[in-house]
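J.: Provide a 3D model corresponding to the input given below.
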Amino acid sequence: MTPAHKHSSAIPHGSTTPSIQCSHCELLPSAGQLISWSAFTAFFLLIALSYQGKAQSLQNGDFESGSTSWILSGGAEATSYAKFQHLGSMYLWLGGVESAKDLAYQIVSIPANATSAKLSFFYNINSLEGNTTAFDTFSATIRKASPDNTILKSLNTWSNKDQHGGPGNPYYQQSAVYDLLEFAGNTISICFASTNDVSEVTNFRVDDVMLVIETQELLPNLTLYIPPNWTHALIVTDTTTSRSRKAEFAATDTIFANWSFANSGAADIRQAFSTRLFVDDNPVNTWSTATLQANYYFFAGENNYSLGTLPAGDHVIRVVTDAYSEVGESDESDNELRHSISVSSGPRYQVVSLRDPEAGGNVVVLPLPGDDGKYPSGSTVELQATATPGYRFLLWQGDASGTTDRLTIEVNSAKTITAVFQRVDSHPSFSLIARAEAMTLETSTTVETRSTWQYIVAVTHDMRRWFLARLFRGNDSINMATDPINTSEAVHISKLGVVPFNDSGLSLKLPLPAGKSWLLTTEIGDQGCNGSAANPKPSHTGSNYFSLDFDNISSTDGGPRMEETNVEVLAAAGGVVVVAAFSAGNPANGYHVVIDHDFNRDLRTGYQTRYLHLKGWPDVEEGEIVVQGQPLGIVGSTGTDGDHLHFGVRFKDNGSYEDTDTRIALQKVRLEDLTLEQYIAECANGSPIRCFPSTNVKLATP
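T.: Okay, here's the model as predicted:
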């Protein structure tokens, strides 16, 4: 039996040791709290590490120096008694006396840059107690290195039940290997403690305690950093204070640069290092930074650095920090910033795309402009128009023109171009059902109430078209039983169109064949070539003010203009023919047709359209009901010089601009969903060049 120790019970330990601290935890500076480092600025980032090595971190873990580096209380002691050591000549002895509490601990710091921390030891237990019930205990714990001795982690607990075959060697057992990496950056106590009850002592021995810590060396690392409100770590711009990067410049622009690097490593940079600026690999300037703390960044200054002007062409702006490898870093590959720019030799211009109406569609301009929203002079740009549902693309107008949805232009000045979209006819559709005893008009879809519109239909029997007109509202059916037709034979009922009831506007289609665009030579009011008064014609004044001249020249899909022969003139809307005649006097209308669109044959009410200078006698007769797209004749030159169609619109047989009621009514007319005033001619070298598309599909007569 081992002699009893002659000491009192255990007492608190570690009253003078420091509390746990994290040596690499720091708060982010708030915005604006910038620390100057040689005219640069620093800011918090992150920690980077590189490998250093491993070592035993406990002092006197084999107790060969007695209790040196250990704090003992109770009856704990380092001894060579009875040669019960594991190796060497000394060991730690706990217990061995009744009613005793013994404690031994060593305070140790585990570095923040530790990558591994492993604890192990050898222990030996022999007891006068039996091995069935635990009376005396022994524990290994990790505690705070502070007066309260709080247990942070319990490694293991043993008792007399775990006693070995005898004292000393060969009965020592090696403990498990305990991972203490969780305490990296903290100071802790490695503690061994025992408790014996009032009788039958147990001895607990500890020897060869090992704490092996592997660490990585703390190194700095210079890398790019994007400060708050910057777009990039390297700014190249044309002002002294901008923090947004550009790529396109003119040869007259003064170019400025600014850049930012950070020390993202875990160690301060305590020696000076260099930062160099290059343009196309040619050095421009070099700056020296004296020191830079970990987790801070620097930039070139509040004002951007001037590079002056650069010649036309492509250039590379490059900034390299630690340019001469003065700093040993954890990563040497991230010290460079670069940005490519283009300097144009001439001026730069903006291309503005507009939409009319804005809801009609979208316009994309490709390629995209430079950062300044402009293109170098001489650039080729394509505008692409896409109509939204319910609209179709009609034409381009403004500083360039065209009738296809893609328009290619050369940018030689600032340009504003408008894509004009046309609303697709959204008038309600309806079905017509004919019965011998009663003929009714029924809707096929829900129809909105439009009390100012009337829906015109015609009943054809024996190849003659009879007039029927009824006001149509909502889903009401129209009973045609009172119509003069009363027959059991087959009849044909067709919709002539939707026309205004009074003066609420008129929806027309271009009176020339669909699928092509037709050359406009004269605008309303005798205007041509973008509003210049070119060769005014007496026939385009007075009541003929709201008239347009179209040549028999067409363009398909934006292709070349071609002169055509025997071009059919088509009704712009349904109505009744009130004039189909020849006039050689004053006015000299030649062969011509006039259509009344309120179907009452009274020119003093409603709208009329006029088709002059036909090639021969019209294909329709006075009193005949016509539908939109029905052929009226051929484009000709009767009563005038040169083949063209004079197309006029009147209200109450008046087309004068001077009459207020007439002007207001005719300004409501839509021709292919454009107002008449939007049909603007354009000339090049004295000749008209602008064509307007038609959607007027030719309809066969019944």
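
J.: who touches stretch 373-386?
T.: Contacts made with stretch 373-386 from outside it, assessed by C-beta atoms under 8 Å, 6 or more residues apart in numbering, are listed as 248, 250, 344-351, 353, 361-367, 369-370, 393, 396, 405-412, 417, 419, 421. C-beta: built from backbone N, CA, C; applies to glycine.

J.: Just those: which are in strands?
T.: Cross-referencing these against strands under DSSP state E gives 248, 250, 344, 348-349, 351, 353, 361-366, 393, 396, 406-411, 417, 419, 421.

J.: what about burial for these, which qualify?
T.: In the ones in strands among the contacts of stretch 373-386, burial by neighbour count holds for 248, 250, 344, 348-349, 351, 353, 361, 363, 365, 393, 396, 407, 409, 411, 417, 419, 421, counting by 16 or more other C-beta atoms under 10 Å.

J.: Contacts only, for residue 309.
T.: Under the criterion of C-beta under 8 Å, 6+ apart, the neighbours of residue 309 are 251-255.

J.: Look at stretch 270-290 and report the distance between its end residues.
T.: Criterion C-alpha to C-alpha, to the nearest Å; first-to-last residue distance in stretch 270-290 is 7 Å.

J.: quick one: buried residues of it?
T.: In terms of neighbour count (16+ other C-beta under 10 Å), stretch 270-290 has its buried residues at 273-279, 284, 287, 289.

J.: Same question for stretch 176-191.
T.: 178, 180, 183-191.

J.: for stretch 598-608, same thing?
T.: Counting neighbours by 16+ other C-beta under 10 Å, one finds that the buried residues in stretch 598-608 are 598-599, 603, 606-608.

J.: Kindly report the same for stretch 636-648.
T.: Along stretch 636-648, the positions that meet the burial threshold by neighbour count (16+ other C-beta under 10 Å) are 636, 638-640, 643-648.

J.: Out of those, the closest to residue 200 would be?
T.: Of all the buried residues of stretch 636-648, the one with the least separation from residue 200 (C-beta to C-beta) is residue 647, at 125.8 Å.

J.: Could you report the separation of that closest one from residue 518?
T.: Counting by C-beta to C-beta, to the nearest Å, the gap from residue 647 to residue 518 is 10 Å.

J.: do the same with residue 374
T.: As it turns out, when the distance is counted by C-beta to C-beta, residue 374 lies 36 Å from residue 518.

J.: burial count for residue 369?
T.: 19 (other C-beta atoms under 10 Å).

J.: and it, what does it touch?
T.: Taking C-beta under 8 Å, 6+ apart as the contact definition, residue 369 lies against 248, 350-351, 375.

J.: Please enumerate the shared neighbours of residue 647 and residue 518.
T.: Between them, residue 647 and residue 518 share these contacting residues under C-beta under 8 Å, 6+ apart: residue 550.

J.: Where does pLDDT dip in the protein?
T.: Screening the chain residue by residue with the criterion pLDDT under 70, one finds the ranges 1-55, 425-504, 528-539, 700-702.

J.: Can you show me the helices along the stretch 601-702 of the chain?
T.: Defined through DSSP state H, counting those that start in this stretch, the helices belonging to the stretch 601-702 of the chain, from first to last, are 660-667.

J.: How is the chain divided into domains?
T.: 49-218, 222-344, 348-423, 430-500, 507-693 (automatic domain parsing).

J.: Now tabulate those in JSON lines and tack on distance to residue 699.
T.: Shown next, in JSON lines, are those (distance: least, C-beta to C-beta, whole Å):
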{"stretch": "domain 49-218", "distance to residue 699": "84"}
{"stretch": "domain 222-344", "distance to residue 699": "54"}
{"stretch": "domain 348-423", "distance to residue 699": "20"}
{"stretch": "domain 430-500", "distance to residue 699": "9"}
{"stretch": "domain 507-693", "distance to residue 699": "4"}
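
J.: Could you work out the most separated pair of the buried residues of stretch 176-191?
T.: In terms of C-beta to C-beta, those reach their longest pairwise distance at 185 and 191, which sit 19.8 Å apart.

J.: between residue 374 and residue 518, who's got more neighbours?
T.: Between residue 374 and residue 518, residue 518 has the larger neighbour count (other C-beta under 10 Å), namely 26 against 19.

J.: Farthest-apart pair in the buried residues of stretch 598-608, please.
T.: With distance counted by C-beta to C-beta, no two of the buried residues of stretch 598-608 lie farther apart than 599 and 603, which are 12.2 Å apart.

J.: what lines up beside the top strand by length along the chain in the sheet?
T.: The strand spanning the most residues in the chain, taking DSSP E as the definition, is strand 202-218. Based on DSSP bridges, the pairing partners of strand 202-218 within the sheet are strand 49-56 (antiparallel), strand 91-95 (antiparallel), strand 114-127 (antiparallel).

J.: Out of those strands, which gets nearest to residue 559?
T.: Between the strands paired with strand 202-218, strand 49-56 lies closest to residue 559; by C-beta to C-beta that is 69.2 Å.

J.: what residues does stretch 271-291 touch?
T.: Outside stretch 271-291, the residues within contact range by C-beta under 8 Å, 6+ apart are 37-38, 40, 222, 257, 259, 261, 268-270, 292, 298, 300, 305, 307, 310, 315-324, 326-327.

J.: mind listing what the nearest residue to residue 255 once chain neighbours are set aside touches?
T.: Nearest residue to residue 255, sequence neighbours excluded (C-beta to C-beta, 6 or more residues apart in numbering): residue 307, at 4.5 Å. Listed by C-beta under 8 Å, 6+ apart, the contact set of residue 307 reads 254-257, 279, 284, 317.

J.: Around residue 65, count how many other residues there are.
T.: Other residues near residue 65 number 12, with proximity taken as other C-beta under 10 Å.

J.: which element is it on?
T.: Secondary structure assigned from DSSP states H and E places residue 65 in neither a helix nor a strand.

J.: which residues does it contact?
T.: Counting by C-beta under 8 Å, 6+ apart, residue 65 touches residue 90.

J.: what about it, distance to residue 353?
T.: Relative to residue 353, and taking C-beta to C-beta, residue 65 is found at 87 Å.

J.: repeat for residue 285
T.: 42 Å.

J.: Point to the residue nearest the middle of the protein.
T.: When the chain is reduced to its mean C-alpha position, the closest residue under C-alpha atoms, centre = their mean turns out to be residue 368, at 14.8 Å.

J.: For residue 570, list each beta-bridge partner.
T.: Beta-bridge partners of residue 570, counted by DSSP bridges, are residue 631.

J.: From residue 164, how far out is it?
T.: When distances are taken as C-beta to C-beta, residue 570 and residue 164 turn out to be 115 Å apart.

J.: who's more crowded, the two?
T.: Taking neighbours as other C-beta under 10 Å, residue 570 and residue 164 compare with residue 570 leading, 25 against 16.

J.: The more buried one contacts residue 550, doesn't it?
T.: No: counting by C-beta atoms under 8 Å, no contact exists between residue 570 and residue 550, whose distance comes to 11.8 Å.

J.: one step back: greatest separation within the contacts of residue 369: which pair is it?
T.: 248 and 351, at 13.8 Å, using C-beta to C-beta across these.

J.: How about the contacts made by residue 229?
T.: Residues touching residue 229, when contacts are defined by C-beta under 8 Å, 6+ apart, comprise residue 243.

J.: hmm, back to that, with distance to residue 115 as added columns, please give the buried residues of stretch 598-608 in TSV.
T.: Listed next are the buried residues of stretch 598-608 as TSV, based on distance: C-beta to C-beta, whole Å:
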residue	distance to residue 115
598	94
599	96
603	101
606	94
607	91
608	95
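
J.: Out of the residues you listed, the closest to residue 59 would be?
T.: Scanning those for proximity to residue 59, where the rule is C-beta to C-beta, the winner is residue 607, at 109.5 Å.

J.: My guess is that closest one contacts residue 600. True?
T.: No: contact between residue 607 and residue 600 fails when scored by C-beta under 8 Å: they sit 11.5 Å apart.
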